Each structure stands twice: as structure tokens, then as C-alpha cells.
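S.K.: Quick one, structure for this:
(chains A and B, ligands or ions: 2)
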Amino acid sequence: MAKQHVSFKLNGKQVDALVEPRELLVHTIRETLSLTGTHIGCETSHCGACTVDLDGKSVKSCTVLAVQADGSELKTVEGLADAGGLHAVQKAFIEEHGLQCGFCTPGMLIRAYRFLQENPNPTEEEIRWGMSGNLCRCTGYQNIVKAVQTAAKTLQQA
Amino acid sequence: MDNTAEVQDREDSLKGVGCSRKRKEDARFVQGTGRYTDDLKLPGMLFADMVRSPYAHARIKSINKEKALALPGVHAVLTAEDLKPLNLHWMPTLAGDVQAVLADEKVHFQYQEVAVVIADDRYIAADAIELVEVEYEELEVLVDAHRAMDDDAPILREDLVGKMDGAHSTRVHNNHIFNWQAGEKEATDRVFEQAEVTVKQDMYYPRVHPCPMETCGCVASFDKINEHLTVHLTSQAPHIVRTVVSMLSGIPESRIRIVSPDIGGGFGNKVGIYPGYVVSIVASIVLGVPVKWVEDRMENISTTAFARDYHMTGEIAADKEGRIKALRVNVLADHGAFDACADPSKFPAGLMHICTGSYDVPVAHLNVDGVYTNKAPGGVAYRCSFRVTEAVYVIERTMDVLAQKLGIDKAEIRRRNFVKVEQFPYKTCLGWELDSGDYHTALEKVLNAVDYDALRKEQQEKRTQGELMGIGLCTFTEIVGAGPSRNCDILGVGMFDSAEIRVHPTGSVMARMGTITQGQGHQTTYAQIIASELGISSDEISIEEGDTDTAPYGLGTYGSRSTPVGGAATAVAARKIRAKAQKIAAHLLEVSENDLEWEVDRFKVKGVPGQEKTMKEVAWAAYNNVPEGMEPGLEAVDYYDPPNFTYPFGIYLCVLDIDKSTGETKVRRFYALDDCGTRINPMIIEGQIHGGLTEGFAVAMGQEMPFDEQGNLLGNTLMDYFVPTFVETPHWETDYTVTPSPHHPLGAKGVAESPHVGSIPCFTSAIVDAFAHLDVTHMDMPHSAYRVWQKVHELGLDKRA
Ligand code: FES
Ligand code: FES
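M.R.: Numbering: from 1, shown residues only, chains lettered A, B, ... in the order given. Ligands and ions are numbered 1, 2, ... in the order given. So this is what the prediction gives:
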């Protein structure tokens, strides 16, 4: 199959890739661009392990074709921390024990990052609904909810 | 600062046992730099994908690989015929049976592995499996375990025809795997005949799947020149994998390296050895390049490691006050097409004989028959310790039924039957020795915390208004930490575990264990154990597991065995180091060893203030100034063979409301008190309990793997298979008591599985309780809205006035 050229901004850097038209964005990110923080738990858009931030929206990268990302701005878990250190959501997940095996964590973090911009001061109920596209088998969610609350507080004070 | 405050400060700075320190593993996970199997990319690596059977029972008439092989990018297509010359078309299971690696002439379950395609990448492999042409002749399918031993039942395992000596007992039918009994049948029957009261309840524990977020997979890499095999794989037991791979391949264990990298949750799913691993290894050996295989979610749910599928009958004989006189449990165990249960070898139904629960049962009999059906093999302990979930379910359900029959409150009937605190260690009539417990105290604590009497009153009022409110109770005892090698082995290897600790000259530590974390936080908790034993901050202690080239041999992590066995090995190894350190300290201080006492992080000369050596000073001396005749260095290894299992317990209480028009359930309150003995990291324990409760909730309220008559699995995606989201998952309240294990070096017991084991019967108890005033004694799981609504409807409760 003839490959297509795609170009997008990934975690602040312009990148280029040659992809098959049918290639899923998650595979391009993980295999061609070697950023393996974004995980695959189902490939059927149920689990959210593959969540990335695409032009300011949370998307499941197993359900987006790489060619659809051409010209976009993408952020993955690897792009959350900056020179100043870990992002508030990352710190909060550690602080509140919001992760165990860590497999769902990148998707959770990138979703929480976007969710707290959509709703900077959420109630517990809003967090539960707002994060419900991401599954976790380890934590029982309670500490993730706490982590999102903690991150919300930190971000509001900043 | 006075002296005690100074000592306390030093103690706190260790972040040792009892401290809710943050996890050492988290920094890399939150940055996306965890390293899971599928993250590994080796030069020249190819990708394997499976051709799977659409039928549950069929003869393979032909396999045509030509079209697949013609596809550019395809390197090989392997079938059973190709594996035969290597004698690898079948492999031994952990349960003494054999399992087809690739279907040999016949398929025995839907989605069984028929052929494997090796291609340049996963897209080409996926295209190629569609091009492999397999012709099947359908055979009669056996789905219903109750029909398995009928005279006219289809023969599933042709390889076993005439072989009536099973691995565990004589087989009485070709679809029979084993009969296994514990306890005294005649004595039990006699008590039943004369009992004042008897109850009997049938119940089905559905087939479910552990479904961790990461599916199973591996990367096999054979180096032809050095004849060395490296396999990275998602295994909860890498050392056992090395032994099995060596036995199967003939490659010496010294030339096999198995690595379990970061694992995205296991819950029992990653204990087994799967065809995907074996064919990847074979393909890598044949092709001389690394081969990766990663199953997708459908393959995961359909083929690797189901759990449960037990048809159980619980019977209790009691007096009129509800005191148990005898227990009888009968089980029909559906083990699928190959018996690949992951249990200690001697126990074909795991530790099911812990089914006497927390109660003082004078006599009991357990009878289990295992049968083959046209379903996937497995039978793993899904977040539990070898069928303990089933055992706890049957006893807890039957206790509720007894309470209901006698009109005694379910908390009260338990109070009357609990093993009393002064009876520990308590020998159960089925042969276990419960190490420690204080059930009465724990029960009262929970009842007070939730104001049980008030809840019952409220329920009374609700009932008069026609509303459905249920209160569930479960008072379970687990058996974890397999196990003493006198009764526990896997393929002949005793179920000990190990730790190797090295103290570096500057006083930091590297330790390796035979277990492997899958989210339990071993890098943190093991470091805490060493910190407290050696007086070195857990910040300076690194833990490594999962690489068979470096870690000491161990049996891995499942059945909550890491803390009871691996944790004990860690403590004992650390104590060996401290004993040596004491000798070195005595030498440095020029006193006798016995003149020294240990205080947090240092040896002090008794009665001589200021005369002391810290562990760090001793560590340095261990490499340059040891007593005459002593070898330098400061390290130790311990292989710990536990004298007994540990028996954590808990009291769980659930309050829920049922919507009569939809059957939907709202869990209003779930209160979980756990006693796991000494608590190493309370934060991690609480996290484990939240997770276990959520998995228990999933099982009780929605998980099942239903099959139609043709053996088609109805629902093997996350669309159909219930994994609760943030929204459905209840809020959890946790509590604890501490009854240390008398035989564990730290007094600790396992904990992560208790919440799964204990919550499931608690949910059923609550659901049934909502209907108990209408003479409902039991409802089978899953308690999905539809099934609950069916009960509502059957009872006519949804009629509008
Ligand atoms: S992998 Fe994309 S949602 Fe599961
Ligand atoms: S931490 Fe393991 S799946 Fe969420």
C-alpha cells in the first residue's frame, strides 16, 4: 500500500512520518515515533489506555487514523512534564496513589490534563463522568478521583 | 530534642514498615517511561498472529497456507504439523494434563489456536491470517458441564480415550478429569441424617475472566550463534516459565533468560504458559530473528485464562440455634477443553477445602468432579488464591440460607459459629491450621461503624413501603501465601520464594526477589521491609524482580504470596545481614557481640552512651575491616519455605437499594474491614483493597462469559464484558484490625485478594437480602439490572398500583 506523508506537532516538536493510509495513530506514535507511553488495551475505543490530546481534545488514538492527524497538534503523556518538572496531574497521581500497574496511567493523565481545562473546578460526580472513558482494573478509581481533585486545587492556585 | 524524639526521627527517616510512603515506581509510570512487553522493539523483529477456530468442536480436514505465504512480508505459517517433528504440538499444563499448542487434527474450543503467521508487522500478519484456508468438519458440541458425563455425550479428548488413570484420580468417563475429595464422607452424612435442621443451596459461579488492562504477549529472541534464548513476556512466574521452556526445548536453563518487564496488571491472567509464547519461541528459533506476539482484547478474553465456572451445592446441618454440626459441599467443575488450572500440583480444585470459612465446623466433606467441555482452558485464580473465591462464596451463601431458614439475623448466626479467639491456631476439619484471627472483635467493629441495628430498622420501614433495600454481610477467611513445600509445588518445584540482598560499601542496597510485581508496589514495600530490618532508608534501597538472569529462583506472584513468602524471605535475608553486621560492629567497637544492642539504624554498646556504629559505618567496614577469619562483603540470600499459609480475614458489609422499575442497583455503602496482620504500607494496602473490591463488584454485578449451544462465546470485547467505569464503581470505606500471623517473620499476611474474595458473596448477600422477606434464598450472579429486574418481575413487584 502506498504510504502517505503526515506531519504534525507532537509534544511541541514538528514531526514527519510515512504511514499506510489504514495505520492507526496509536501505532504511529508507539512504533514509528517510538513514544511508548501511550498504551493499547483494546483497540476498540473502550478502555482509553491510548488517549492522547489532539488539537485540544481527548481522543482515543486507536480510533484515529494517522492520516487524520496530519497538520494537528498532539500531546501524549511524554509531553506533560516540562523544564519545571512534573505536571500537577502527574504529581497528584503519585501523591494520592492514583496508579498501581501504571498501564492505564498515561491515558488517565492526558485525559485529566484536558478535563481540568474543560472543567477547572469539578465536583466528584463531574470527575467520575468526565473521566469515564478511561478504564482502570487496579485502583478502583477512588484514588484517581482524589488525584484529579488534588490537581484541580494545585492548578487553581497556580 | 530529647532522646526519644531523636530516635523517633531516625526511625521516621527510614520510611520503613508501617509507613505510607509514596511509591518508588511511580515516577517512571507517570512519565510514560514504564517498559511493558509490547514496548520492546528489537532489530529485525517480526510479528506473530494466530489463525483461530470459528468452531468450538470440529475436525480439521485441511489447512492451506499457500495464499498467506504468497503475501509479501509473510515469513512463515506454522501449524501442528510443523511443530510435530519438534514434539512441541502439545505441551504439559500445570495441572498434569496436556494442551494443544496448535490444534492437532481437532479443535476443542472456539478461538483455539490453529496456525500462526509470522510477518513483518502486525498489519501484514492480520491480513495473512485471513488468507489461511482451513476446512473444518463440525462435531457435536458439549457446553453444559452437567451433560459432560452422560453416556451419549460427545467424546472431546480423543487423545485420552482408554486412559482412565488421570493425573489426580481414576476417570470414570472420557470427559471426566478427576474426582477429588476432602474430609469425612460417612461421618458427615451421619450428622446430616440426624440433624435438627438442614439447608441445601445450589449455586452457579459463572465463568469470568481477569481481564487486566494489558493483554498477554511476549518477545522471543533466539541467538543462533550463542544458542541463547531471551524471552520478554507478561508472566507472573518467570522462573517457572524458564524451567518449562527448558524442559520443552532441551535448551539448558543457563542459556535461557526470561524477563517479566513491567506488567500491566495480572490478576491470575498471566500465570499460565500460553500457545502464543511457545510458537513465538519456536518461530524465533526457526527463523533466527526476534518474534513478537501480543494478543488483542478478544483473544485475551476468549482464550487466555478464564476463572471459576463452578456449579456448587452447599449444605449445612445445624441445631435449632443455628450452630453448625456439619458441612457438605459438592462441586461440578467445568475446566474447559484442557485441564490447565494453575493450582499447586496436588490440588486439582485448588484450596477449595478452605470452604469451612471462619466457622467452627466439627465435620465436613467436599467432593469435586472436574469435567471437560468445549470451552477454553484456564481455571486461574482471578485475584484469589486457588479457588478460595469459590470456597468463600459457597460457605457464605449457605450460612445466609441457614440464617434465613431459622429466622436468625445473619450477623448473629455468624457470631454463634465463629472460631473463637482462644481457639487459634485452629485446625479445621478439612486439614488447615488457621494461624490467627479475632473474628468477633472485627464483626462488632463493623456493625457499630455502620449502625447495623438502625439499618435493619430502616429496611423494615422500606419494606412496608414496598421498597427494596438489601444489607449484605460476608465474614470471610482467606488462605494465602502458597505455600509450605510439603504440600505445595508446581511441576515438582516447591513453592518457596527467595530474596537476595546486597549492601554496598556506602550503605545503599540492591535487592532482588523471585516474585514479580504487577502493580502491587513491590519496589516500595520490599524496600520498606529491608529499611526497618537494616536501618537504611527505603529511599536508598533498590528492588529488582522479574529477570531470571539476575533474580534468585522464585515461584512468582499470585495467590497473594508475595508478602507471606517473598516478604518473609526478604526479612530473613536482611536478618542474616544484620547478624553479620553485628559481628563487624563488635569488632570495630572492640566489644563482644553480646554487649551490643540494636537501635533503629545502629549498634550501641549497652550502657555506654556514644559508643555506637551505624549500619552505614558497618557497611563500609564490611569491605575493608572485618574480623579475622570473616569473609568480606555484606550480602545474604534466603529461600523461604513457609511453615504454614497465612489466613487473612475480613468483615464486609454492603447496603444497596434496588430500583423496582429497572432492576438497577445502587450501592449506597460498602464497608470493608480487613485484617492482614502487620501492615507494611497502609496506603498501598488501601489501594489494593479498593482495586480488589472493584473487581469483586465487577464479578458480582456483571461479568460472565456466556456460551450458546454451539459453543460460541457471546461477548468477548469490552463492549460486552463488564469492566466497571468510574461511574458505576461504588465509593469504598475501609477499616482494619491487626492480628499478626504468629509464624511470619513480620507478622504479615497477604491482602490484595481478600477484597475480591470477600466482596463477591457480600454483594450477592445484599441483593438476596433485598428480597429475603419474599422467601428468596439465593440468586445467581451476575446481578445485572436485567437479571435483577427479572426477579422483581417474577415476584410481581413491578406492578403499578
Ligand atoms: S486501546 Fe484505544 S480505547 Fe482501548
Ligand atoms: S493502574 Fe493498572 S489499570 Fe489502572
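S.K.: Could you check what's spatially nearest to whichever residue of the stretch 351-500 of chain B sits closest to ligand 1, not counting adjacent residues?
M.R.: Closest approach between the stretch 351-500 of chain B and ligand 1, counting by CB to the nearest ligand atom: B:Tyr382, at 20.9 Å. (Glycine included, C-beta is placed from N, CA and C.) Using CB to CB, 6 or more residues apart in numbering or on different chains and skipping residues adjacent in sequence, the residue nearest B:Tyr382 is B:Ala307, 3.5 Å away.
S.K.: do B:Pro755 as well
M.R.: Nearest non-adjacent residue to B:Pro755, counting by CB to CB, 6+ apart: B:Gly692, 3.0 Å away.
S.K.: what residues go with each domain of chain B?
M.R.: Following automatic domain parsing, one finds the domains of chain B at B:3-34+B:497-640, B:37-139+B:215-263+B:270-303, B:306-482+B:644-794.
S.K.: Relative to B:Gln194, which of these is closest?
M.R.: domain B:306-482+B:644-794 (8.2 Å; CB to CB).
S.K.: My read is that B:Lys445 contacts B:Asp675, right?
M.R.: No: counting by CB atoms under 8 Å, B:Lys445 does not reach B:Asp675; the two are 10.1 Å apart.
S.K.: okay, the two: which has more neighbours?
M.R.: B:Asp675 (26 against 17; other CB atoms under 10 Å in any protein chain shown).
S.K.: any idea how far B:Ile685 is from the more buried one?
M.R.: As defined by CB to CB, to the nearest Å, B:Asp675 lies at a distance of 11 Å from B:Ile685.
S.K.: and for the two, which residues touch both?
M.R.: B:Tyr736 (CB atoms under 8 Å, 6 or more residues apart in numbering or on different chains).
S.K.: closest point of chain A to chain B, which residue?
M.R.: The nearest approach of chain A to chain B comes at A:Gly37, 1.9 Å away (CB to the nearest CB).
S.K.: Name all residues that make contact with the nearest residue to that residue once chain neighbours are set aside.
M.R.: In this structure, A:Gly37 finds its nearest non-sequential neighbour in B:Gly32, 1.9 Å apart by CB to CB, 6+ apart. By CB under 8 Å, 6+ apart, B:Gly32 lies in contact with A:35-38, A:76-78, A:106.
S.K.: Identify the residues contacting the residue nearest to B:Pro632 when sequence neighbours are not counted.
M.R.: Distances taken as CB to CB, 6+ apart place B:Val626 nearest to B:Pro632, at 5.4 Å, with adjacent residues excluded. Contacts of B:Val626 were listed using CB under 8 Å, 6+ apart, and they are B:584, B:587, B:632.
S.K.: how near is the nearest residue to B:Lys576 once chain neighbours are set aside to ligand 2?
M.R.: Nearest non-adjacent residue to B:Lys576, counting by CB to CB, 6+ apart: B:Ala636, 3.8 Å away. B:Ala636 sits 33 Å away from ligand 2, going by CB to the nearest ligand atom, to the nearest Å.
S.K.: quick one: which helix or strand includes the residue of the stretch 301-450 of chain B found nearest ligand 1?
M.R.: When scored by CB to the nearest ligand atom, the stretch 301-450 of chain B has B:Ile301 as its residue closest to ligand 1, at 13.4 Å. Element membership for B:Ile301 (DSSP states H and E) is helix B:297-303.
S.K.: again, but for B:Leu248
M.R.: Using DSSP H and E, the element containing B:Leu248 is helix B:238-249.
S.K.: Ok, A:Ile127 next?
M.R.: Counting by DSSP H and E, A:Ile127 is part of helix A:124-130.
S.K.: Check which helices and strands the helix or strand following that helix sits against.
M.R.: Next in sequence after helix A:124-130, counting helices and strands by DSSP H and E, comes helix A:142-157. Packing contacts for helix A:142-157, counted by 3 or more CB pairs under 8 Å, 6 or more residues apart in numbering or on different chains; DSSP states H and E, involve helix A:88-95, helix A:105-118, helix A:124-130, helix B:682-701.
S.K.: Specify the angle between the second one and helix A:88-95 in degrees.
M.R.: With axes from the mean of the first three to the mean of the last three CA atoms, to 10 degrees as the criterion, the two stretches helix A:105-118 and helix A:88-95 enclose an angle of 130 degrees.
S.K.: who wins for proximity to B:Asn374 among the helices and strands packed on helix A:142-157?
M.R.: Nearest to B:Asn374, of all these, is helix B:682-701, at 23.4 Å by CB to CB.
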